[in-house]
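[1] coords below, sequence missing:
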Ligand code: ADP
Ligand code: MG
Ligand code: MG
């Protein structure tokens with residue numbers, strides 16, 4: 001039931017935290033090219049707080065929506081920085097879309113949750129695809145999930161395919177010029193380097209994909 005999904009979310013978040021810890025320095029270097037260099041540190045603080053909050057929510061017997069909501073609030077509260085606010089709100093709205101009642105969850109449900117996250121990120125941050133932000137990995141991820149849903153692909157395989165698409169899209173942000181956020185004033189310097197928020201997002205999505213593969 002929904003509590004099983006909540007438990008799975010807490011476990012996979014812990015794996016995401018390990019992946020972010022391993023990538024912390026590299027994410028900081030990417031962010032230092034045209035930003036302020038704190039992206040690795042902020043992601044790690046946010047995701048670790050999210051893990052603790054998710055586990056506490058699971059221990060209280062909550063379902064997936066509540067677990068994601070608690071994780072998102074903790075992430076936004078502890079990360080600092082733009083990406084932390086966006087990640088936190090995105091997790092909360094993805095959870096709200098899934099709800100604590102629906103089970104089992106399929107590709108169509110997950111696609112809708114990712115779409116809710118995109119709308120929240122756009123509503124808060126005002127970025128559009130092409131502005132060189134994490135949306136440039138998240139929107140292709142969504143679109144790949146959408147195609148997979150259309151062809152009846154089960155959620156685990158769909159997520160794995162879509163995570164590969166997101167990784168390629170994150171790599172491809174190297175060719176873009178930032179049009180929003182802290183990197184914009186140094187836009188020229190950023191060209192040739194991928195967007196740190198897109199890179200960290202793709203890493204998180206790939207980490208979840210490996211959990212689905214087990
Ligand atoms: P800060 O820029 O406040 O130091 P971080 O370094 O943690 O925050 O995160 C930077 C990342 O946040 C960028 O690489 C980009 O992906 C993402 N970002 C910044 N502004 C926006 C926005 N308006 N919409 C979506 N993503 C954004
Ligand atoms: Mg930064
Ligand atoms: Mg900062």
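    Happy to help now that I have it. Predicted model only: the values in this text are computed from it and were never measured. Ligands and ions are numbered 1, 2, ... in the order given.
[2] helices and strands around the one helix or strand residue 198 maps to, which ones?
    Element membership for residue 198 (DSSP states H and E) is helix 196-213. Applying 3 or more Cβ pairs under 8 Å, 6 or more residues apart in numbering; DSSP states H and E, we find helix 196-213 packed against helix 2-34, helix 39-59, helix 135-150, helix 155-172. In this view, the C-beta of every residue, glycine as well, is placed from N, C-alpha and C.
[3] nearest to ligand 3, of the ones you listed?
    Smallest distance to ligand 3 across those (Cβ to the ion): 6.5 Å, for helix 39-59.
[4] Establish whether that closest one and ligand 1 are in contact.
    Yes. For helix 39-59 and ligand 1, the contact criterion (Cβ under 6 Å from any ligand atom) is met by 39, 42.
[5] what about the helix holding residue 198, distance to the chain center?
    Offset of helix 196-213 from its chain centre (Cα atoms, centre = their mean, to the nearest Å): 8 Å.
[6] With stretch 37-55 instead?
    12 Å.
[7] in it, what's buried?
    Judged by neighbour count (16 or more other Cβ atoms under 10 Å), stretch 37-55 contains these buried residues: 38-55.
[8] Repeat that for stretch 121-137.
    Judged by neighbour count (16+ other Cβ under 10 Å), stretch 121-137 contains these buried residues: 121, 122, 125, 127, 131, 132, 133, 134, 135, 136, 137.
[9] shaky segments in this protein?
    By pLDDT under 70, the chain has no low-scoring segment.
[10] count of residues packed around residue 154?
    Residue 154: 11 surrounding residues under other Cβ atoms under 10 Å.
[11] ok, the residue of the chain most remote from its centre - contacts?
    In the chain, the residue that sits farthest from the middle, by Cα atoms, centre = their mean, is residue 188; the gap is 26.2 Å. Contacts for residue 188 were tallied using Cβ atoms under 8 Å, 6 or more residues apart in numbering; they are residue 177.
[12] Quick one: residues contacting residue 3.
    Counting by Cβ under 8 Å, 6+ apart, residue 3 makes contact with 58, 61, 62, 63, 64.
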